[in-house]
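Asks: Dropping a prediction and its sequence here:
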Amino acid sequence: MAAAAGSRGFGLGRPGWRARADVVRTVFVARIKIITRYKGAILMEALLPIVFAAMPVLLGTTVASQQGVDPGAVFCENTMVSGRCTTNFRLYMLIGASTFTVVSLMLWLIGYWVRREQETGTLESLALAPARRIWVLAGVTTYAFVRAMIAFVIAIALGSLIFQVNPFERGVATALAFLALGLLPLWGLSFMFGAFIMKIKEADSVIQVLQWVLAFLMGVFYPITLLPPIMQGVAGLFPPTVMTDAVRASILDISYFYGSAYGSLAVLFAMALIVPLLGYEVFEVTERRLRRKEGVGHY
Amino acid sequence: MNLAARFPSAIGHACAITLNTESPVNDAFMEPIIRVEGLSKSFVTKERKKGKKGKRTVHALKDVNLEVYEGENFGLLGPNGAGKTTLIKCLTTLLLPSSGTAWVNGYNIEESEDLVRASLGCMLMGDRGLYWKLTGRENLDYFGALYHVPREVRRKRMEELIALLKLEEFADRTVETYSSGQKMLLAFAKALVNDAPILFFDEPTVTMDVPTARELRRIVRSLNKEQGKTIVYTTHLMHEAEELCDRVAIIDHGQIIALGTPNELKSSLVHEDAVHLEGVFPAPTVDRLRGIRGVRNVVVQAESSGRSTVAVLCDNSRLLLPRIIEAVTGNGASLEYIKPKEVTLEDVFIARTGRSLAVDTREVVKEAGKDGGGRG
């Protein structure tokens, strides 16, 4: 076999950390540039959790005031777990809606990214390049993470003003640690979701359905201990549920689903180790199967 | 394979190799840089006929064997649906073969996918595969990073490509504002961004105006002759293939039916002449032509408003000309133009397949249009 003539091309050597980081950075920057060229997109999605939380908050407040009872007390009574509850139902809802938005946005952005790239032919262009898929996905998930966090921070700040609650009274550092740890398995879930979209080639309806399943499993507006035991077991294995529960428990000083902060930390840590690897494997296997059958560019 | 021995400069670098602008030219193609062995690819496709669903296995490639030599400009000819894009997709690792295998730049397409990809620059999807919300320059930077071209080298390379392809005027505009031709030029630049030794071009001139297409062909020639790049060029434009390619493979129904230099292929029809006729020819005329002893094939190449162009391949056109004229006159036929002509690759295609490439391509496109399909 011949040696290559003239230039041998780039990437024939094993790419080092700088080349990999360059891929992650370039993909991330390109995604950010693209979204900022659609005016108002980032700001609008930050309003989602506020609207989402406002529905049960207003409903609960109205019903309670009609019955002449304190809505906080009713909420506390209905959501009591292990003798602990909170009367700050507004903050409870706001945190739930905001973490839900982070999860929903991450999945939506990855799913939509795969679909869009399929339709425009850029997924094939990516498949032609020697950069490993994991670094491209790392760039995209980092972008999705940044975008989701922007929405989260704006929603918490603006929502706190609107609902007149203070999320910074206690446990903020612990809550942020849980949020950061919870995002790692979320990356893995995003990879799996991306693989699923790549296979079924229809993002919109799946995302719409999944959002409501997510909201149900995550216990956005209620503790999952209110669910039947089997559903509790399923929900407890879903990383975003553990993340939401732990963030809320640390800020509102209520009980953790896994008994204590350490219990939730251990579970989330295990998920952070396993789920991203599993997600990447699922993505690779799906892509390889598609290449065996029809190619990744079919849409 | 000992990579360190083969690519000494590629091993141990954090990013990649530096840009090598030396341009050795290989006059003789001695060693295969692409080798295809018994490659087959089948797809199961879903069909919906009259409300009934069914599945059908399409054999897009059937036991293809091929060698492309280093420094060669190799043409793949065939109508749409012949299997040339499937072959290219297998060679570029976009598709996995059903059986058989191939080596590109010494690397197996299934075992060393990343190294195969790093060896290639590809323009396969026309103006698709670009980010429309990014500028031309940003697109080049993006894909340069995916090919592990170091940032400093990338910047220099981008400027060179922008100058070479005269993209200055629109390189800083978002791609959504480009014309089709401009998008094709950018897609072409994208294929060159990693300075790969092997370039795949799938109908690169398809939406370009004549001067731009001519300029692009000039650049392709220069990449091949002056920089020693190996080029695999697919087209259904015979004149492009004749103009550019050192060797040509004609592919039809997933099989290579002819392979050689354009001259070899044409001289394979040395005992055959081609006579082209234009006029109004009722259906029996073609049968009468086929009935003449010494006529090997008759193909209706184009039809519009009742007028046809007919190619007659025969043993000796001078000898047969009176009988051909006799066959196409009278009985409602009207001969407007007749010309014995030099054998072209189009004639080779006709001789091998019994069809005209131009007509075949139009019919496939028409069918795709009916089905709501498109080029992809």
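Replies: Done, it's in. Quick caveat: nothing in here was measured; it's all calculated off a predicted structure.

Asks: Every contact and neighbour count from this point should use C-alpha atoms.
Replies: Will do.

Asks: Now do the strands in chain A.
Replies: For chain A, applying DSSP state E gives no strands.

Asks: low pLDDT regions in it?
Replies: Applying pLDDT under 70 to chain A picks out residues A:1-14, A:294-299.

Asks: ok, B:Ser334 - contacts?
Replies: For B:Ser334, the contacting residues are B:Gly279, B:Val280, B:Phe281, B:Val328, by Cα atoms under 8 Å, 6 or more residues apart in numbering or on different chains.

Asks: How about B:Gly294?
Replies: Contacts of B:Gly294 (Cα under 8 Å, 6+ apart): B:Cys314, B:Asp315, B:Asn316, B:Leu320.

Asks: Which residue lies closest in space to the third one, excluding its sequence neighbours?
Replies: Spatial nearest neighbour of B:Asn316, chain neighbours left out: B:Asp273 (6.0 Å); criterion: Cα to Cα, 6 or more residues apart in numbering or on different chains.

Asks: Out of the contacts of B:Gly294, which end up buried?
Replies: B:Cys314, B:Asp315, B:Leu320 (16 or more other Cα atoms under 10 Å in any protein chain shown).

Asks: Make sure the first one is actually in contact with B:Arg296.
Replies: Which is B:Cys314. Yes: between B:Cys314 and B:Arg296 there is a contact under Cα atoms under 8 Å: 5.1 Å.

Asks: thinking again about what came up before, columns pLDDT, secondary structure and neighbour count on top of the contacts of B:Ser334, output as a markdown table?
Replies: Output for those, formatted as a markdown table (pLDDT from 0 to 100; DSSP: H, G, I helix; E, B strand; the rest coil; neighbours: other Cα atoms under 10 Å in any protein chain shown):
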| residue | pLDDT | secondary structure | neighbour count |
| --- | --- | --- | --- |
| B:Gly279 | 86 | strand | 19 |
| B:Val280 | 84 | strand | 22 |
| B:Phe281 | 83 | coil | 24 |
| B:Val328 | 83 | coil | 22 |
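
Asks: I'd like those residues written out as TSV, with distance to A:Gly194 added.
Replies: What follows is the contacts of B:Ser334, written out as TSV (distance: Cα to Cα, whole Å):
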residue	distance to A:Gly194
B:Gly279	58
B:Val280	58
B:Phe281	58
B:Val328	63
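
Asks: Burial check on the nearest residue to A:Thr286 once chain neighbours are set aside, number of neighbours?
Replies: Sequence neighbours aside, A:Ala195 is the residue nearest to A:Thr286 in space, at 6.0 Å (criterion: Cα to Cα, 6+ apart). Using other Cα atoms under 10 Å in any protein chain shown, the number of residues around A:Ala195 comes to 24.

Asks: Could you do the one 10 residues further on as well?
Replies: For A:Ser205, the number of neighbouring residues by other Cα under 10 Å comes to 9.

Asks: And for A:Leu107?
Replies: Quick note: A:Leu107 (other Cα under 10 Å) scores 25 neighbours.

Asks: likewise A:Val165?
Replies: Neighbours of A:Val165 (other Cα under 10 Å): 18.

Asks: for it, what are its contacts?
Replies: A:Arg90, A:Leu91.

Asks: again, 10 Å this time
Replies: By Cα atoms under 10 Å, 6 or more residues apart in numbering or on different chains, A:Val165 lies in contact with A:Asn88, A:Phe89, A:Arg90, A:Leu91, A:Tyr92, A:Leu94, A:Ile156, A:Ala157, A:Gly159.

Asks: got it, and B:Asp287?
Replies: B:Val298, B:Ala327.

Asks: what's it sitting at in phi/psi?
Replies: phi -60, psi -40 (degrees, to the nearest 10).

Asks: Quick check: it vs B:Val295, distance?
Replies: When distance is defined by Cα to Cα, to the nearest Å, B:Asp287 is 11 Å away from B:Val295.

Asks: In contact with residue 122, which residues?
Replies: I went with chain A, as the question did not name one. A:Val114, A:Arg116, A:Leu128, A:Gly297, B:Met125, B:Arg128, B:Gly129, B:Leu130, B:Tyr131.

Asks: that answer is for a different chain, and I need it for chain B
Replies: A:125, A:128-129, B:88, B:92, B:187-193, B:196, B:198-202, B:231-232.

Asks: Then A:Val220?
Replies: A:52-53, A:92-100, A:214, A:241, A:244-245.

Asks: of the contacts of A:Val165, closest to B:Trp103?
Replies: A:Ile156 (55.7 Å; Cα to Cα).

Asks: The closest one against A:Thr101, yeah?
Replies: No: A:Ile156 is beyond contact range of A:Thr101, at 11.1 Å (criterion: Cα atoms under 10 Å).

Asks: which residues are common contacts for these two?
Replies: Between them, A:Ile156 and A:Thr101 share the contacting residues A:Ala46, A:Leu47, A:Pro49, A:Ile50, A:Ile95, judged by Cα under 10 Å, 6+ apart.

Asks: can you pull the contacts of the fourth one?
Replies: Think A:Ile50. A:93-95, A:97-98, A:101, A:154-156, A:158-160, A:162-163.

Asks: List only buried entries from those.
Replies: Buried among the contacts of A:Ile50 (16+ other Cα under 10 Å): A:Met93, A:Leu94, A:Ile95, A:Ala97, A:Ser98, A:Thr101, A:Ile154, A:Ala155, A:Ile156, A:Gly159, A:Ser160.

Asks: Tell me how many other residues surround the closest residue in space to A:Gly194 that isn't next to it in sequence.
Replies: Of all residues not flanking A:Gly194 in the chain, A:Gly111 sits nearest, at 4.8 Å (Cα to Cα, 6+ apart). Using other Cα under 10 Å, A:Gly111 has 26 neighbouring residues.
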